[in-house]
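**Q** would you be able to build a 3D model of this:
(chains A, B and C)
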Amino acid sequence: MTDTRTLTHVDTLRLPVKQPFHFRYTLWKPSHFATGLEQHSQQRSWRTFRVGELVCGVVLSMDGSDTVHIEVYSDGPWQQADRDRLSARLIHSYGLDEDLSAFVALAEQVPPMREPLTALAGMRQSCPENLFEIAIISLLLQNATVARTAQMMTNLLDHYGLIAEFDGVRLKAFFTPEEIAGVDEATFRERDRLGYRAKYLGRFAEFFTMHDPDEADHASKAELMTEFQTIKGVGPYTAAIIAGHAVRDPSALGLDVWNRKLLAKRLLDADDAEAEVVMTEMHRLFPGYEGLAGLYVIEDAYRERAVVELVQR
DNA sequence: ATCCAGGTTCACA
DNA sequence: TGTGAACATGGA
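**A** Below you'll find the model as predicted:
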C-alpha cells in the first residue's frame, strides 16, 4: 500500500545554537497533535523531511550545551547541495540561530509570563513543515476538532505520503505539491473525508507548485500575508499560522477559539473574551512578539499534560 | 437530536 | 465595511 522507504545513514551534522536554547521544548511541543511525522524521547528527536527529490530522516540530540548533533538518513545519493539544503532547513525550522533576548526582556515585565518563561526558557517556535505543509495543517485545523483534524491528516499522509524507516523508527513523510497535483476534489472529499476543505487542497498544491515552498524569502511579512490570502481557503488565521510558524515572524498570532480561550484565561483572567480584546491585549503586552508570547502561554498550559507524550529510548 | 469544533467564503445590506 | 448563512464531518 503506502510506499515504504528504507533510509540509509548518509551524513552527520553539527549545528551551533544560540543560547539559551531549550532542546526538548523547541523540537517537541506538548500541545502538538499526533501526525506520525515525528517522534521524541527525553534526549532525542526523530523527524522526516522532504529535501528536493529525497526523503530524509534525521535523529537530533544535543552534543554538549551549544551544538545540535544530527544523524542524517536518506533514500538516495547524498550530495553537498543536499547537506547544505537540509542544514539550512533545520536551522530555520527550529530557529537555532535566533536571539530570544528582546522577547524575554519584554515578557519578564508581564507577571503571568513568569512561569512559562522559567519552565520553557530557551524554547523557540518549531516548524519542521515547509510553507506547503504548514498550510495544509492549518487548513485541516479550520472549524474542526483536533480529533477530526488528526483523522484527515492521517488519511492524507496514508494515501499520498510515504513511510520512512531509519534508526529503528518508522515514521510518515509528507507528500509534495506535485504528488497531489493530479488528485481531484471528489477524491479528497470522499476518500480522505476532507468535507468542504476538499476544494481548497488543489489550490494549495497549484500555488506551491508555482512558488517553491522551501523558499521563505519574501519582500515583507505584510506582503506575504496578503499574498497567501489570495489562495482560496487561506484566511487571516491560516495566513498567520504560516507567517508565525513557517516564516517565523514572532509577531504573527493566529487566534482561534482554542488559543483565544487559553490567552483570555491567562492574561485577562476570563474564561473567554472577544478575539479583538485578546488581540489588543497581546499587542499592548508584547509589541512585536505577540505570536511568540502566545506560544509560551500555550505550551506552558500543556506542559503537565502533553497531547503526545515522549517515548522511551 | 442539536451543537460546535484550533475558520473561510460568498451573498447581500 | 459589516453581518449572517453555508460549508462536511463526527464526537459530545
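**Q** so what touches stretch A:79-89?
**A** A:11, A:13, A:15, A:49, A:51-52, A:54, A:56, A:58, A:72, A:74, A:130, A:214 (C-beta atoms under 8 Å, 6 or more residues apart in numbering). For every residue, glycine as well, the C-beta is placed using N, CA and C.
**Q** need the three-state assignment for the closest residue to residue A:157 other than its chain neighbours.
**A** Closest residue to residue A:157 apart from its sequence neighbours, by C-beta to C-beta, 6 or more residues apart in numbering: residue A:172 at 4.6 Å. The three-state label given to residue A:172 by DSSP: H, G, I helix; E, B strand; the rest coil is strand.
**Q** give me the residue at the spatial middle of chain A.
**A** residue A:127 (3.0 Å; C-alpha atoms, centre = their mean).
**Q** and stretch A:141-152, how far from the chain's centre?
**A** Counting by C-alpha atoms, centre = their mean, to the nearest Å, stretch A:141-152 is centred 16 Å from the centre of its parent chain.
**Q** what do you get for stretch A:77-85?
**A** Chain-centre distance of stretch A:77-85: 23 Å, with C-alpha atoms, centre = their mean.
**Q** now it: buried residues?
**A** A:78, A:82-83, A:85 (16 or more other C-beta atoms under 10 Å).
**Q** which of these fall within helices?
**A** Among these, the ones falling in helices (DSSP state H) are A:82-83, A:85.
**Q** any chance of those in CSV, with pLDDT and distance to residue A:280 too?
**A** Listed next are those as CSV, based on pLDDT from 0 to 100; distance: C-beta to C-beta, whole Å:
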residue, pLDDT, distance to residue A:280
A:82, 97, 46
A:83, 98, 46
A:85, 95, 41
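**Q** of those residues, closest to DNA strand C?
**A** The closest of those to DNA strand C turns out to be residue A:85 (C-beta to the nearest atom of the strand; 36.8 Å).
**Q** my read: the residue nearest to residue A:157 touches residue A:48, true?
**A** Yes. Using C-beta atoms under 8 Å, residue A:172 is in contact with residue A:48, at 6.9 Å.
**Q** now stretch A:107-120: mean pLDDT?
**A** What stretch A:107-120 shows for mean pLDDT is 98.
**Q** buried ones in that stretch?
**A** A:107, A:112-113, A:116-117, A:120.
**Q** which residues of chain A lie near DNA strand C?
**A** Proximity of chain A to DNA strand C, by C-beta under 7 Å from any atom of the strand, involves residues A:143-145, A:147-148, A:151, A:189-190, A:193, A:195-196, A:198-199.
**Q** which two from those end up farthest apart in space?
**A** Farthest apart among the residues of chain A next to DNA strand C by C-beta to C-beta are A:147 and A:199. That separation is 22.5 Å.
**Q** mind checking which of those two has more residues around it?
**A** residue A:199 (15 against 8; other C-beta atoms under 10 Å).
**Q** how about the nearest residue to the more buried one, chain neighbours excluded?
**A** The nearest residue in space to residue A:199 (C-beta to C-beta, 6+ apart) is residue A:185, at 5.3 Å.
**Q** before we move on, what about residue A:305?
**A** residue A:30 (7.7 Å).
**Q** now do the contacts for that neighbour.
**A** A:299, A:302-303, A:305-307 are the contacts of residue A:30 under C-beta under 8 Å, 6+ apart.
**Q** what bridges to the residue nearest to residue A:157?
**A** As for beta bridges, residue A:172 partners with residue A:163 under DSSP bridges.
**Q** okay, now it: neighbour count?
**A** Quick note: residue A:172 (other C-beta under 10 Å) scores 20 neighbours.
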